[in-house]
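Colleague: Just the structure for this:
(chains A and B)
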2 protein chains.
Amino acid sequence: MHYLGIDVGGTSIKAGLVDETGQILESRRALTIADNLNGFVSKLADLIRSFQTTASIAAIGIGIPGLHSSKTNITETSPNIPCLKKVNLGEILADQVHIRTVTENDANAAAYAEFACGAGVGLQHMAHITLGTGVGSGFIFNGSLFTGASGYGGEFGHTIMSAGPSWQKTGRVCACGNLGCVEMFASATGIVITAEEMMRDAPESRLHHEPPPLTSETIHAVALAGDATAINVFKETGHYLGIACANLINLLNLETIVIGGGVAAAGNLLMNATLESAQSHAFPSSYADCQIVQSKLWPDGGIIGAAMLARDR
Amino acid sequence: MHYLGIDVGGTSIKAGLVDETGQILESRRALTIADNLNGFVSKLADLIRSFQTTASIAAIGIGIPGLHSSKTNITETSPNIPCLKKVNLGEILADQVHIRTVTENDANAAAYAEFACGAGVGLQHMAHITLGTGVGSGFIFNGSLFTGASGYGGEFGHTIMSAGPSWQKTGRVCACGNLGCVEMFASATGIVITAEEMMRDAPESRLHHEPPPLTSETIHAVALAGDATAINVFKETGHYLGIACANLINLLNLETIVIGGGVAAAGNLLMNATLESAQSHAFPSSYADCQIVQSKLWPDGGIIGAAMLARDR
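Modeller: Got it, this is the predicted structure:
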């Protein structure tokens, strides 16, 4: 049996033909049409049909960024794809291509991929965190994808880890409007903010010579070249990411936290500081239960997870 | 059928005979012997036997403060009851009184009480937060008590909500050693710290005339008498508690957060500010799914929950 996994992003749609074990056999990509639902759907239907010419598809899974209801299967809003507003994309597509189609939030689908065939196989309690421009996350509790009352859960990136008093109006302002979200410290965006703060006290840093705008990739390259300030930016990011992981560990007594995404590519530069901080902030017994590991499936987790949800639902 | 629910505390042990519906029929109390296991156990056995003289007990449930393993049923440590170190209290007691005995962390037992017969009946996804000297909590996910890999989960009071940079060593230092735990803002301890901070800028406050040590009860009384600073202490506590609730709402898409404990007795003074802050910090769709309500069972939730766990396990 083959399943089609589709990972809808703000700029492109990635699709893959996936076998029963989670292996991608064939993949394709199309540009996202963000502002026109008919255009968006026909692009997606064309993409599906292009796979159907050579393969038989048992079911389709689609990971969609934004607020997706598990009660109604309706995507309420998708900030970067405005045409997906109060849309039952699974139903619309199934009508067009006549294949059973399941839908899920994209971060939840990526978490399910690691659980089904990645770094979390066989686990009961797991978190998956994707560190990119933002911070995405999904949770497995008791061996099942956990998304809460309506499927909106798992927004770890938008939990506040650096709250100040009510009269304090300055700080790291998140796109969601809040001050001090995890996303403002542990994402590529957060890394740039941390670097800008640290550069003020480090006029000697080579980061000052980089052409603007500063990016987390640039900071990573400068760190690898030995710049102390750039190295400290990743250590400081690990300090915050470790506290965020310790919060999950104390709250949920997890077996594993899987970390993926472009930022995780910083490797030991980030992970060593993250592990050290998580260990020093979590209860020893709970920390001892939990491994913090890198993703096995990134950047394909979205495709694979969507396909595995199509297999299992 | 009648069950015996026992709520072990650092200074006293409360026990109640509970019917199948969670009603307490009869209750007794004994002082905790904290430093001698034989003494502790024989006090507990005597308490149980005192109920047996007039009632038939189908099973016993015990809520124990501290680290309690769901894998081994062993209490690893209990900070305020040092004799409970690597002890299988259920097994020891069952041997003495010949009644099936189940054990659980006390905060988890209190959460289970609200789920079984309090403010959370019929729910799938619920948090229970007890605001006392510290902050206790327990969680229901998918209609079951959730305690994680080893039963250590649910330590919401020891998640960090006010993290600073790694070089910052000042702030609200929690008993657990971390800076900025939820417990340091939302508990009676946190209320006193907030008051002490606010009093520095409010020489006119009546709080300055209260005999030391300042307590949350005193601050509450002064607030009820109309002192603006004392009122603002509860508003500021609600600001933080609301952020902490919003974090749970965004992360877990809960149906209900039940708040109990002595601090919750501050009523609207605290709850109005908490609701306002939670609403302004949580995603609207997730907030709309979640009610924040006061406990129905406090201060008896520990007894009732332990009895209901004895009924249901």
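Colleague: can you pull the contacts of the residue lying closest to A:Met184 once chain neighbours are set aside?
Modeller: Nearest non-adjacent residue to A:Met184, counting by C-beta to C-beta, 6 or more residues apart in numbering or on different chains: A:Arg172, 3.7 Å away. Just so you know, the C-beta spots here come from the backbone N, C-alpha and C atoms, and that holds for glycine as well. Taking C-beta atoms under 8 Å, 6 or more residues apart in numbering or on different chains, we find A:Arg172 in contact with A:Ser162, A:Leu179, A:Gly180, A:Cys181, A:Met184, A:Phe185, A:Gly190, A:Ile193.
Colleague: Return the per-residue confidence for the one residue in the stretch 101-250 of chain A that gets nearest to chain B.
Modeller: Proximity to chain B, evaluated over the stretch 101-250 of chain A using C-beta to the nearest C-beta, is greatest for A:Gly148 at 2.5 Å. A:Gly148 is assigned 98 on the pLDDT scale.
Colleague: Now do the nearest residue to it once chain neighbours are set aside against A:Pro212, distance only.
Modeller: Closest residue to A:Gly148 in three dimensions, ignoring its sequence neighbours and counting by C-beta to C-beta, 6+ apart: B:Asn253, at 2.5 Å. Using C-beta to C-beta, to the nearest Å, one obtains 39 Å as the distance from B:Asn253 to A:Pro212.
Colleague: still on that earlier bit, for the contacts of A:Arg172, could you give me JSON lines that also reports pLDDT and secondary structure?
Modeller: Conversion of these to JSON lines gives the following (pLDDT from 0 to 100; DSSP: H, G, I helix; E, B strand; the rest coil):
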{"residue": "A:Ser162", "pLDDT": "97", "secondary structure": "strand"}
{"residue": "A:Leu179", "pLDDT": "97", "secondary structure": "strand"}
{"residue": "A:Gly180", "pLDDT": "97", "secondary structure": "coil"}
{"residue": "A:Cys181", "pLDDT": "97", "secondary structure": "strand"}
{"residue": "A:Met184", "pLDDT": "97", "secondary structure": "helix"}
{"residue": "A:Phe185", "pLDDT": "98", "secondary structure": "helix"}
{"residue": "A:Gly190", "pLDDT": "97", "secondary structure": "helix"}
{"residue": "A:Ile193", "pLDDT": "98", "secondary structure": "helix"}
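Colleague: got a markdown table for those residues, with neighbour count and distance to B:Thr229 too?
Modeller: Putting the contacts of A:Arg172 into a markdown table (neighbours: other C-beta atoms under 10 Å in any protein chain shown; distance: C-beta to C-beta, whole Å) gives the following:
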| residue | neighbour count | distance to B:Thr229 |
| --- | --- | --- |
| A:Ser162 | 21 | 26 |
| A:Leu179 | 18 | 24 |
| A:Gly180 | 22 | 26 |
| A:Cys181 | 29 | 30 |
| A:Met184 | 27 | 32 |
| A:Phe185 | 26 | 33 |
| A:Gly190 | 27 | 36 |
| A:Ile193 | 17 | 35 |
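Colleague: Which one of these is nearest to A:Gly262?
Modeller: Nearest to A:Gly262, judged by C-beta to C-beta, of the contacts of A:Arg172 is A:Gly190 at 12.8 Å.
Colleague: my guess is the closest one contacts A:His239, does it?
Modeller: No: in this structure A:Gly190 lies outside contact range of A:His239 using C-beta atoms under 8 Å: 11.5 Å.
Colleague: Quick check: phi and psi at the closest residue to A:Asn105 other than its chain neighbours.
Modeller: For A:Asn105, ignoring the flanking residues on the chain, the nearest one in space by C-beta to C-beta, 6+ apart is A:His68 at 4.6 Å. Dihedral angles of A:His68 (phi, psi; degrees, to the nearest 10) stand at phi -120, psi 120.
Colleague: any idea how far A:His68 lies from chain B?
Modeller: Counting by C-beta to the nearest C-beta, to the nearest Å, the separation of A:His68 from chain B is 10 Å.
Colleague: Check A:Gln23 too.
Modeller: A:Gln23 sits 29 Å away from chain B, taking C-beta to the nearest C-beta as the criterion.
Colleague: same thing with A:Ser12?
Modeller: From A:Ser12 to chain B the distance is 26 Å (C-beta to the nearest C-beta).
Colleague: who does that residue bridge with?
Modeller: On DSSP bridges, the residues paired with A:Ser12 through beta bridges are A:Leu31.
Colleague: ditto for the one 5 residues further on
Modeller: According to DSSP bridges, the partner residues bridging A:Leu17 are A:Leu4, A:Glu26.
Colleague: and A:Gly267, how many neighbours does it have?
Modeller: Per other C-beta atoms under 10 Å in any protein chain shown, the neighbour tally for A:Gly267 reads 12.
Colleague: ok, and the closest non-adjacent residue to it?
Modeller: Residue nearest to A:Gly267 in three dimensions, not counting chain neighbours: A:Gln294, with 8.0 Å by C-beta to C-beta, 6+ apart.
Colleague: Need the pLDDT of that neighbour.
Modeller: As predicted, A:Gln294 sits at a pLDDT of 95.
Colleague: That one against A:Gly118, yeah?
Modeller: No: at 10.2 Å, A:Gln294 does not count as touching A:Gly118 under the criterion of C-beta under 8 Å.
Colleague: how about the closest residue to chain B within the stretch 151-300 of chain A, what does it touch?
Modeller: Proximity of the stretch 151-300 of chain A to chain B (C-beta to the nearest C-beta) peaks at A:Asn253, 2.5 Å away. With contact taken as C-beta under 8 Å, 6+ apart, A:Asn253 is in contact with A:His125, A:Ser286, A:Asp289, A:Cys290, B:Thr147, B:Gly148, B:Ala149, B:Ser150, B:Gly151, B:Tyr152, B:Gly153, B:Gly154.
Colleague: likewise A:Phe234?
Modeller: Under the criterion of C-beta under 8 Å, 6+ apart, the contact list for A:Phe234 reads A:Ile191, A:Ile219, A:His220, A:Ala223, A:Ala266, A:Leu269, A:Leu270, A:Ala273.
Colleague: please redo it, this time with the cut-off set to 7 Å
Modeller: The neighbours of A:Phe234, taking C-beta atoms under 7 Å, 6 or more residues apart in numbering or on different chains as the test, are A:Ala223, A:Ala266, A:Leu269, A:Leu270, A:Ala273.
Colleague: Cross these against helices and list the overlap.
Modeller: Secondary structure from DSSP state H places A:Ala223, A:Leu269, A:Leu270, A:Ala273 of those in helices.
Colleague: Does the second one touch A:Val222 like I think?
Modeller: Okay, so that is A:Leu269. No: using C-beta atoms under 7 Å, A:Leu269 is not in contact with A:Val222; the gap is 11.3 Å.
Colleague: the more surrounded of the two?
Modeller: Under the criterion of other C-beta under 10 Å, the comparison of A:Leu269 against A:Val222 puts A:Val222 first, with 21 against 18.
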